[in-house]
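Q: I would like to see how this sequence folds:
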Amino acid sequence: MRIINTHEAKTHLSKLLEQVARGEEIIIAKAGTPIARLVGYRTSSTERSGGQWKGLVRMSDDFDAPLPDDLNDAFGVQH
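A: Modelled structure (predicted):
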């Protein structure tokens, strides 16, 4: 794992991406403080499927009903 500053990251982004593609991890820092981590992108090895919660979750009939005015006011919603 390497730590580099933002200027170096901007200047050498293509080289950094090549290093990340080879499995390296790079930390980008601003004024010596880490602010981001540059890592390779990996796709999931398993395909996702739905339906595991079927029959286990119940949604109230009024789920999408308008909220009371006091809650709208608390969230700053115009009504």
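
Q: quick check: the residue of the chain positioned farthest from its centre vs residue 51, distance?
A: Distance to the chain centre peaks in the chain at residue 69, reaching 32.7 Å (criterion: C-alpha atoms, centre = their mean). For residue 69, the distance to residue 51 equals 38 Å [C-beta to C-beta, to the nearest Å]. C-beta here means a position set from N, CA and C on the backbone, and glycine is covered the same way.

Q: what's the residue farthest from the centre of the chain sitting at in phi/psi?
A: Torsion angles at residue 69 (phi, psi; degrees, to the nearest 10) stand at phi -60, psi -40.

Q: tell me the pLDDT of it.
A: The model reports residue 69 with a pLDDT of 92.

Q: and if you look at the one 4 residues further on?
A: For residue 73, the model assigns a pLDDT of 92.

Q: and it, what element?
A: For residue 73, the host element (DSSP states H and E) is helix 69-74.
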